[in-house]
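# Below are the sequence and a predicted model; questions follow.
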Amino acid sequence: MDILLQHLERTGEHMPGPLRKSFVQSFFYQAAPDGDEFVFATPAREDLVLDKAARILTSQGFQVNLQPDHASGVVKAEFQKSYGCNDGFLATVDRLSGAPIHLSFGVEVWSTRDAKNQTRLRTTRKLPSWTYDFRAQLLQELATVQPHVAEEHKVDTDVILGPGETLKTAFSGSLLDYSGFATKNDVAALVKKPGDGKSLLLGVYAFDPKPELAAPEQLLSLGHFGDKPMEFNGTLIVAPQNSGKTRLILRWAAEANRHGYNLFLIDVKGNMVPELRSRGLKGKVHVFTTDPAAADTDEHGSVCARFNVLEDLDPTTAMGRNEIGTLCQAILPKFVGDDDRFWPIRVKWLRAMICLRRLHDLHYRRLSDLGDIYEMATNESSLYDCILDVTKAEAYQRRLNPNVQLPEPPCKFWTNELAELIDRDHKEMVGGQREPRYTYSSLTVMIGTALAPFYRYGSLHTRTHGNSDFRLSDLDGAEQTTIVLAAREHDGEEAQTVVSIFVKRLEQILKRRFSCQNPERRILLLLDETRRIRGFSPGQYITFAREAKAGCVLVYQSIDQIANPKEVTEILENVGTQIYLRSVTGSTAEGLLKILPKRFRPAYSKGVSSGASYSVSSQVNQELIPCVGQTELYKLPAGSYPAVVFIKDFGLGKPILVDMSEERLARFERAMKN
């Protein structure tokens, strides 16, 4: 516990509730000074009194003026810090704001040169217990120093500072400074206890070089900001290979399912389902795989569920047309060097083809799939047949009933959208504008290539045609549902296309939850290898998932996988929880350090006096340093599977050291069950 919270508790613990609140409010940054002044005798040289006072204040975390001002005989220091309303003693104060609480406590120490040898102590706030302790400590240290002899300059070797510790001497060799990491008191609100409803485990609070700083062990889990789960603010996991990423994703998936979440999981290795089933998944489980050799069923039922992407798309509504346009952006890759003009045109053509085909389905009561769209994109006559069929159906409906309300937009609108593809000399097609120098296949080759896996001879056709076995909208339903997309990395472009389609379709479905104040189930999206999703904007996805009351977990091997530097900044500044496994290096470390607050650390130097007697003493300055150094981020001293956790707007902006080893977590889980 830091010095200010410690003395707030000692002074205010016996106060009644209303007085306790006003007592804390008197320490607010903006509060007018209302302090005390004390005068007491200090039988020591004036410069020695000031040096000792500066040392004590520095060790307690005060920001002290660079050197004691011996000319005017004063040391000035200030303690400023931001706290959460649940930190330490503050948790006992009723009706404090849920926003961070900014407190300050200023001190001035004056020492006179006259015969009285008096020291005057002024404070900006009334804190009697601190004043008493400071005066006693100053007198005790002065009593141990011989007159006219300065304090010995002490030097430690190879210093390791744990969370919350203070550098107290000069050092030689190396300094590993973990003091900027959160202390046990800082993370008290994250401690997992039996029956508290916290669902997503972060790991065990740990610090190996000094286990006593983390004893007894505590299991940490994401909690709440007010009445909202922390996961709604989004989660970023940065995990190099062999760092325990798969175990973390499996654990979060199982925990979310156990606590009633609806779950969407991208399985990049295609082997998570047996492990998840062994943990006892509840509710309905649907698995879609891109593995062409996967069996159709196993002892648990359907393994290769069918999902027809076009089944729920409606070209007659504005929302439906928007969803179709978004789907087309996911299907079509945007190649490096691709002219900005041609990719939007291909998206427009594909959108028109899908809308035409869905109109055809409405009139002829059938269900098309992406294999039918492939046929239209690669076979010019197939496109013309679809246009003519829909035109005849519309004419037939008008003949039966001149006042009939036909689906809109009509076929003519979509035909105009495809005018650049239609042969201007075709005898049955009106409005064609294709230039003679182009063939139909040369213009649509990119569309056909992207859709080839869905054609009748493609690897995905058997799982993407006909009626779907599930709908992504099931994730927004009352019945608990888990959807696993086993899109293996080694399935290449086909798997990347499927991942992009699923994630984009989910985006549209989640947007429907914006107006729902209390959805029946919470949703967790675990998007492993997020870099594979085409046209994906991580920051925007986190934002709309938060509005849809869904937790979205983005997973990267390194921040370098996010090509756009603006997106890196957007993610790091806005995502609620960041988890870095094993170690944090390179540009990932640089990005994290940019968003962490800076802090002051004592800097000791040697002073030599040749007055009445020769002496060597320590001089103390304050240096502004990063919250955590890059060396410390690389060497994480927290067990066999160490990780850094940073939760924005929690714990005074400090990163947290945890161990995520399965053995350690399993021990806690067994203890909680018992």
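Great, that's in hand. It should be emphasised that the depicted structure is a prediction, and the values quoted were computed from it without experimental measurement. Numbering: from 1, shown residues only.

# From start to finish, how long is stretch 576-588 in a straight line?
Using C-alpha to C-alpha, to the nearest Å, the gap from the first to the last residue of stretch 576-588 comes to 17 Å.

# in that stretch, what's buried?
Going by neighbour count (16 or more other C-beta atoms under 10 Å), the buried part of stretch 576-588 is 576, 577, 578, 579, 580, 581, 582, 583, 584, 588. Bear in mind the C-beta positions are built from the backbone N, C-alpha and C, glycine included.

# now those residues in a markdown table, with pLDDT?
What follows is the buried residues of stretch 576-588, written out as a markdown table (pLDDT from 0 to 100):
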| residue | pLDDT |
| --- | --- |
| 576 | 92 |
| 577 | 95 |
| 578 | 95 |
| 579 | 96 |
| 580 | 96 |
| 581 | 95 |
| 582 | 90 |
| 583 | 89 |
| 584 | 92 |
| 588 | 91 |
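
# which one among the residues you listed gets closest to residue 407?
residue 576 (42.9 Å; C-beta to C-beta).

# Am I right that residue 578 falls within a helix?
No - using DSSP: H, G, I helix; E, B strand; the rest coil, the assignment for residue 578 is strand, not a helix.

# That one contacts residue 234, correct?
No - here residue 578 does not reach residue 234: they are 9.4 Å apart, not a contact under C-beta atoms under 8 Å.

# Can you report how many residues neighbour residue 41?
For residue 41, the count of nearby residues is 10 (other C-beta atoms under 10 Å).

# That one bridge partners, please.
Per DSSP bridges, residues listed as beta-bridge partners of residue 41: residue 118.

# same thing with residue 551?
According to DSSP bridges, beta-bridge pairing links residue 551 with residue 524.

# and residue 36, what are its phi and psi?
phi -120, psi 160 (degrees, to the nearest 10).

# ok, it - contacts?
For residue 36, the residues meeting the contact criterion (C-beta atoms under 8 Å, 6 or more residues apart in numbering) are 122, 123, 126, 128, 131.

# The fourth one: neighbouring residues, count only.
It stands for residue 128. 13.

# per-residue confidence at it?
What the model reports as pLDDT for residue 128 is 89.

# Would you mind listing the residues in contact with it?
Residues in contact with residue 128 (C-beta under 8 Å, 6+ apart) are 11, 36.

# how about 7 Å then?
With contacts taken as C-beta atoms under 7 Å, 6 or more residues apart in numbering, residue 128 has the following neighbours: residue 11.

# and the gap between residue 192 and residue 665?
10 Å (C-beta to C-beta, to the nearest Å).

# Mutual contacts of those two, please.
Where contact means C-beta under 7 Å, 6+ apart, the residues bridging residue 192 and residue 665 through contact with each are residue 201.

# so where do the helices sit in the stretch 501-650 of the chain?
When assigned using DSSP state H, counting those that start in this stretch, the helices of the stretch 501-650 of the chain occupy the ranges 538-547, 565-574, 586-595, 630-634.

# Now do the first one: which elements does it pack against?
Going back to what we said before, that points to helix 538-547. Using 3 or more C-beta pairs under 7 Å, 6 or more residues apart in numbering; DSSP states H and E as the contact test, the elements touching helix 538-547 are helix 492-511, strand 550-556, helix 565-574.

# Switch the ones you listed over to TSV; also include mean neighbour count, mean pLDDT and distance to residue 592.
Below are the helices and strands packed on helix 538-547 laid out as TSV (neighbours: other C-beta atoms under 10 Å; pLDDT from 0 to 100; distance: least, C-beta to C-beta, whole Å):
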stretch	mean neighbour count	mean pLDDT	distance to residue 592
helix 492-511	21	89	26
strand 550-556	26	93	13
helix 565-574	16	84	7
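
# Dump those to CSV, plus distance to residue 425.
Supplementary listing: those in CSV, determined by distance: least, C-beta to C-beta, whole Å:
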stretch, distance to residue 425
helix 492-511, 35
strand 550-556, 51
helix 565-574, 47
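
# And those: which comes nearest residue 292?
Distances from residue 292 to each of the helices and strands packed on helix 538-547 were compared by C-beta to C-beta, and the smallest falls on helix 492-511, at 8.7 Å.

# Packing partners of the closest one?
Of the remaining helices and strands, those touching helix 492-511 by 3+ C-beta pairs under 7 Å, 6+ apart are helix 318-331, helix 538-547.

# got the angle between it and helix 538-547?
On the basis of axes from the mean of the first three to the mean of the last three C-alpha atoms, to 10 degrees, helix 492-511 is oriented at 40 degrees to helix 538-547.

# could you give the angle of helix 492-511 to strand 550-556?
For helix 492-511 against strand 550-556, the angle between stretch directions is 160 degrees (the same axes, to 10 degrees).

# Not counting its neighbours along the chain, what's nearest residue 62?
If you skip the residues right next to it in sequence, residue 62 has residue 77 as its closest partner in space, 3.9 Å away by C-beta to C-beta, 6 or more residues apart in numbering.

# go on, residue 165?
Distance criterion C-beta to C-beta, 6+ apart; nearest residue to residue 165, sequence neighbours excluded, is residue 179 at 4.9 Å.

# The one you found: what's it in contact with?
Residues touching residue 179, when contacts are defined by C-beta under 7 Å, 6+ apart, comprise 161, 162, 163, 164, 165, 166.

# My guess is the fourth one contacts residue 181. True?
No - contact criterion C-beta atoms under 7 Å: residue 164 and residue 181 do not qualify, at 8.1 Å.

# Student question: in the protein, what's the helix or strand with minimum average pLDDT?
Every helix and strand in the chain was compared by mean pLDDT, DSSP states H and E; the lowest is strand 301-302, with a mean of 50.

# picking up where we left off before, export the helices of the stretch 501-650 of the chain as CSV, with columns for distance to residue 449.
Output for these, formatted as CSV (distance: least, C-beta to C-beta, whole Å):
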stretch, distance to residue 449
helix 538-547, 27
helix 565-574, 28
helix 586-595, 34
helix 630-634, 43
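
# Quick one: closest of the ones you listed to residue 398.
Shortest separation from residue 398 across the helices of the stretch 501-650 of the chain is recorded for helix 538-547, at 41.1 Å, computed as C-beta to C-beta.

# so where is this protein shaky, pLDDT-wise?
For the chain, residues meeting the criterion pLDDT under 70 lie at 1, 66-72, 113-115, 145-153, 295-303, 336-340, 515-518, 607-618, 674.

# how does it divide into domains?
Following automatic domain parsing, one finds the domains of the chain at 3-147, 235-305+473-575, 309-468.

# would TSV of those with distance to residue 629 be doable?
Converted to TSV, these look like this (distance: least, C-beta to C-beta, whole Å):
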stretch	distance to residue 629
domain 3-147	19
domain 235-305+473-575	18
domain 309-468	37
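
# ranges for the strands of the stretch 1-150 of the chain?
Taking DSSP state E, counting those that start in this stretch as the test, the strands found in the stretch 1-150 of the chain are 37-41, 63-64, 74-83, 101-111, 118-123.

# Next one: residue 555 from residue 352, what distance?
Taking C-beta to C-beta as the measure, residue 555 falls 35 Å from residue 352.
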